[in-house]
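**Q** Build me a model:
(3 chains)
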Amino acid sequence: MTLNDIIHLLEFDAQSEHNCNITGMNTLKEASEGEISFLSDSKYEKDLEETLASAVILPASKVHLLPKNVLALCSDEPYLMVARLSKVFAKPIASSDMAPIIGSGSVIYPTAHIENGARIGSNCTIMSGVYIGTDTVIGDKVILYPNVSVYRDCIIGNNVMIHSGSVVGSDGFGYAHTKMGEHIKLYQNGNVIVENDVEIGANTTIDCAVFGSTIIKHGSKIDNLIQIGHNCVVGEHCIMVSQSGLAGSTTLGRNVVMGGQSATAGHLTIAPFTTLAARSGVTKSIKTGGVYSGFPLMEHKLWLKLQAKLAKMLQA
Amino acid sequence: MTLNDIIHLLEFDAQSEHNCNITGMNTLKEASEGEISFLSDSKYEKDLEETLASAVILPASKVHLLPKNVLALCSDEPYLMVARLSKVFAKPIASSDMAPIIGSGSVIYPTAHIENGARIGSNCTIMSGVYIGTDTVIGDKVILYPNVSVYRDCIIGNNVMIHSGSVVGSDGFGYAHTKMGEHIKLYQNGNVIVENDVEIGANTTIDCAVFGSTIIKHGSKIDNLIQIGHNCVVGEHCIMVSQSGLAGSTTLGRNVVMGGQSATAGHLTIAPFTTLAARSGVTKSIKTGGVYSGFPLMEHKLWLKLQAKLAKMLQA
Amino acid sequence: MTLNDIIHLLEFDAQSEHNCNITGMNTLKEASEGEISFLSDSKYEKDLEETLASAVILPASKVHLLPKNVLALCSDEPYLMVARLSKVFAKPIASSDMAPIIGSGSVIYPTAHIENGARIGSNCTIMSGVYIGTDTVIGDKVILYPNVSVYRDCIIGNNVMIHSGSVVGSDGFGYAHTKMGEHIKLYQNGNVIVENDVEIGANTTIDCAVFGSTIIKHGSKIDNLIQIGHNCVVGEHCIMVSQSGLAGSTTLGRNVVMGGQSATAGHLTIAPFTTLAARSGVTKSIKTGGVYSGFPLMEHKLWLKLQAKLAKMLQA
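**A** Residues are numbered from 1 along each chain as shown, chains lettered A, B, ... in the order given. Model (predicted):
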């Protein structure tokens, strides 16, 4: 699809002289030639001047910040235009003609479904009802228990164990909103990377990234019924206990422990070696490791002090 | 089954002169001739006088409120009798001889299981391990990702996308309790209706109605690991974020937003355009849209004020 | 594997004169001859003197508490040694040559996968995509809805109903931690026992025990999206409402009710006839039945009083 095709499709008031072929969308920072990017949140303004994108969707008031060789596509609702454009580049569910490759010693149960283009390493056990999507790559000695789903384009390392019913690579929860209150899907074209020695419990969900990757790093252990949103990064050797959750784009440093039913908001950074007590709710980034509790979050010893004060107030 | 058969089975002290055929159970309001209804909660007393049911299970003290042509079936424990009766009318898992109908352009993966009586529209993708129950109707351009289960009698609209592992139409959580502390299942004979343009995330559960329908209205977006109880109604263009939940019979107005891990009690009505912050817990109906937080719930600005006061108390 | 083989493998500084065959691991209390046990938590010290284990992994400082005929295997990090040893005794995913036995009148959908060694009673319905592991025993009149997974060695009673996507017997979440911050899996060799007349909702997860059994007793009703950790015991006729959770080794007495999104910490005992309100969080054992709320937990009437005081503080 050429740039002018896209301009026509989305009804922008612009025209490209070079009219290059457009292969996809990406963030301002990650985009390369032949990709379209966008500015929908002013905190990324600083990325405009160095973007390599061929065109950028942005408000008219920000056009002067763009390099001269980048085409401006002006919109009052850039995020909505991005959502509409994302459908154009949405990947089909299955899109490879190459029969899956299965490594030596791997056992594939007969009701597992492996799409074309997938590759499975050696000595894996892929149990009944498992789904492995197009172009997904599975390492060695991986056990996928019954009815696990791994969507397309994901990368699973060695010695990974995923328990029954867990879902890796489902669409992140992203929508642009119209003035009429409708929600327009932002197609999620990224993937999930699960590094070596990770164990994932049962019925946990890990969404793919909108662009780029959601990453579960080496040695982390994820319990049952956990939600990990799109574009999160779970550091090395983290522990997430059952029913905890990460909203999108949050990064855990290494050896973070999240107690049962704890959660974080999106777009946060949690310092390495932080422990979040059961039920704690994090709404701001944590810069220093330590033990934290409560919602709003506070140092655990302050939380204990608060509870003591409340107990006293109750007796008064 | 005739009315006198039922009287005999449940050992009521009554007899019907007309002894009509009984086809099912329903609420006082929705029941029509040939159905049995019940009064187990006094707030529905007002519905007695206009019920069209052929017979009503109710406490002896309320019999005088019934129209003369409706047979009274007296019980001190009407809800328990309803539970016992519900088993009689429980639908079998599969009960059709009609081969499923598949619309043109639809792709059905070989390990999907589609029961007799189901109908699937055109240009759908029904992936591996999906289950579609008897008499369920799926619209056009629907994508059911791997291992989704849709129980019998459900209706799924057009352009609906349901991610891996989600369950639509599982039994609502309803029991009558005996004096010995046992729980007697109330068989759930209703269904789930998912309207057009709804997206449902991974490993979410939406229970069928006990009678009638659980409804997800047009354009709503439901994230991962969400619970929607029996007989809930989710209005148009609502957003429910991961790990949130609705207890039974709660209605969300249009464009309600529920943050992550928020929840409501049952039998509530939430005003249109209400935003419930992450973690908020709703125990009373909300009449006016706005932003609410906390548990117990309060206006978000009050919640912020409360947290400021608690922080001050902590420093004292 | 002989005791000296194990000593060699884990590089203990010890040697057994008897060098008996070792068949597995167990707790100090439950171990019998031919098993290895361990002391990693000083509260179990009292069990040392009567253990029947053939050898015990423990700190050097506790060796004098062992009976003379029990071999001491000294370690500064006994739990880590236990984790390493657990891998030796981990059971394979499938390990029986005996074709599964299916009782009369049972219907098995074609895409269900039943491992060798499993036994299914009469008049069961085992729906599409269900997985039943090696040596698991299913009673009579059991309904397993689509895509349920029951891991190996479990026991399911009569008249049990398990809704779509639920997982019974997945590995408990147990790890020993190295000084470098890595987590070493404690292989979970126990099982789950689900007694008669239990109903389990959709996408719920019940982990197997590390040793022994996780037990759901007679007549209990478990809703959707619930987590039950390893070695929990849910008493007779309990009710667990959606999105609630039990951390490992917690015991509920009979007729305990857990409201939506409530949870308990691990290793607790909850008195019979206790009601935990929605959202309550239990961190200490409960000795007397009653109604409790909040986090930290308190009597429900105190919680109401606390909320009234906070509301007053807010107005001040």
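**Q** Between the two ends of stretch A:248-262, how far is it?
**A** 15 Å (Cα to Cα, to the nearest Å).
**Q** ditto for stretch A:184-199
**A** By Cα to Cα, the extent of stretch A:184-199 from end to end equals 34 Å.
**Q** Name the residues of that stretch that are buried.
**A** Buried positions in stretch A:184-199, judged by neighbour count with 16 or more other Cβ atoms under 10 Å in any protein chain shown: A:184-199. Placement of C-beta: from N, CA and C, glycine included.
**Q** what about the nearest residue to residue A:39 once chain neighbours are set aside, how many neighbours?
**A** Excluding the flanking residues, the one nearest residue A:39 by Cβ to Cβ, 6 or more residues apart in numbering or on different chains is residue A:58, at 4.0 Å. Using other Cβ atoms under 10 Å in any protein chain shown, the number of residues around residue A:58 comes to 25.
**Q** Please parse chain A into its domains.
**A** Annotated domains of chain A cover A:3-89, A:101-301 [automatic domain parsing].
**Q** Can you say which of these is packed in most?
**A** Comparing the domains of chain A by mean neighbour count (mean count of other Cβ atoms under 10 Å in any protein chain shown), domain A:101-301 comes out on top with a mean of 22.
**Q** Ends of that domain, what's the gap?
**A** Here the two ends of domain A:101-301 are set 54 Å apart, with distance taken as Cα to Cα.
**Q** how about that domain, does it reach chain B?
**A** Yes. Legend: contact between domain A:101-301 and chain B by Cβ under 8 Å from any Cβ of the partner chain is shown at A:111, A:113, A:129, A:131, A:147, A:149, A:151, A:165-167, A:170-171, A:173, A:175, A:181-183, A:185, A:203-205, A:207, A:225, A:227, A:229, A:243, A:245, A:247, A:261, A:263, A:265, A:281, A:295-296, A:298.
**Q** Stretch A:77-84 too?
**A** No. Stretch A:77-84 stays clear of chain B (Cβ under 8 Å from any Cβ), getting no nearer than 12.2 Å.
**Q** got the contact list for the helix or strand containing residue A:311?
**A** Assigned by DSSP states H and E, residue A:311 falls within helix A:300-315. Contact partners of helix A:300-315, identified using Cβ atoms under 8 Å, 6 or more residues apart in numbering or on different chains, comprise A:275, A:277, A:290-294, A:298, B:310, B:313-314, C:296, C:298, C:302, C:305-306, C:309, C:313.
**Q** 6 Å instead, please
**A** A:277, A:291, A:292, A:293, A:294, B:313, B:314, C:296, C:306, C:309 (Cβ atoms under 6 Å, 6 or more residues apart in numbering or on different chains).
**Q** partner residues bridging residue A:299?
**A** Beta-bridge pairing for residue A:299 (DSSP bridges): residue A:292.
**Q** Report the beta-bridge partners for residue A:234.
**A** residue A:216, residue A:252.
**Q** Near chain C, which residues of the stretch 101-250 of chain A are found?
**A** A:111, A:128-129, A:146-147, A:163-165, A:202-203, A:219, A:221, A:223-225, A:237, A:242-243 (Cβ under 6 Å from any Cβ of the partner chain).
**Q** now do 7 Å
**A** A:109, A:111, A:125, A:127-129, A:145-147, A:163-165, A:199, A:201-203, A:219, A:221, A:223-225, A:237, A:239, A:241-243 (Cβ under 7 Å from any Cβ of the partner chain).
**Q** who touches the residue lying closest to residue A:283 once chain neighbours are set aside in this structure?
**A** Once flanking residues are discounted, residue A:283 sits nearest to residue A:265: 4.9 Å by Cβ to Cβ, 6+ apart. If you count contacts by Cβ atoms under 7 Å, 6 or more residues apart in numbering or on different chains, residue A:265 has them with A:247, A:282, A:283, B:278.
**Q** returning to what we had before: need the max-distance pair from the buried residues of stretch A:184-199.
**A** Using Cβ to Cβ, the pair of these lying farthest apart is A:184 and A:197, separated by 39.3 Å.
**Q** Am I right that residue A:71 is in contact with residue A:12?
**A** No. Using Cβ atoms under 7 Å, residue A:71 makes no contact with residue A:12, being 9.3 Å away.
**Q** any idea how far residue A:291 lies from residue A:280?
**A** From residue A:291 over to residue A:280 the distance is 10 Å, taken as Cβ to Cβ, to the nearest Å.
**Q** Quick check: the residue sitting furthest away from the middle of chain A vs chain B, distance?
**A** No residue in chain A sits farther from the centre than residue A:316, which is 48.9 Å out by Cα atoms, centre = their mean. Residue A:316 sits 12 Å away from chain B, going by Cβ to the nearest Cβ, to the nearest Å.
**Q** Export the domains of chain A to TSV and append columns for mean pLDDT.
**A** TSV is the format used below for those (pLDDT from 0 to 100):
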stretch	mean pLDDT
domain A:3-89	94
domain A:101-301	98
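**Q** hang on, isn't residue A:51 packed against residue A:70?
**A** Yes. Residue A:51 lies in contact with residue A:70 (Cβ under 7 Å); the separation is 6.4 Å.
**Q** Out of the residues of domain A:101-301 next to chain B, which sit inside helices?
**A** Secondary structure from DSSP state H places none of the residues of domain A:101-301 next to chain B in helices.
**Q** just to revisit the earlier point, show me the beta-bridge partners of the residue nearest to residue A:39.
**A** residue A:74.
**Q** residues in contact with the spatially closest residue to residue A:279 that is not a sequence neighbour?
**A** Nearest in space to residue A:279, with sequence neighbours left out and distances taken as Cβ to Cβ, 6+ apart, is residue A:261 at 5.1 Å. Neighbouring residues of residue A:261 by Cβ under 7 Å, 6+ apart: A:243, A:244, A:278, A:279, C:245, C:263.
**Q** Please repeat the previous calculation with a cut-off of 10 Å.
**A** When contacts are counted by Cβ atoms under 10 Å, 6 or more residues apart in numbering or on different chains, residue A:261 touches A:225, A:241-245, A:278-281, B:243, B:261, B:279, C:227, C:243-245, C:247, C:261-263, C:279, C:281, C:295.
**Q** Residue A:74 now?
**A** Residue A:74 makes contacts with A:12, A:13, A:14, A:56, A:57, A:58, A:59, A:60, A:61, A:62, A:63, A:81, as judged by Cβ under 10 Å, 6+ apart.
**Q** distance of the residue nearest to residue A:266 when sequence neighbours are not counted from chain C?
**A** Nearest residue to residue A:266, sequence neighbours excluded (Cβ to Cβ, 6+ apart): residue A:247, at 3.6 Å. Counting by Cβ to the nearest Cβ, the separation of residue A:247 from chain C is 17 Å.
**Q** Which members of the residues of the stretch 101-250 of chain A next to chain C occur in strands, if any?
**A** Counted as lying in strands by DSSP state E, out of these, are A:125, A:199, A:221, A:239.
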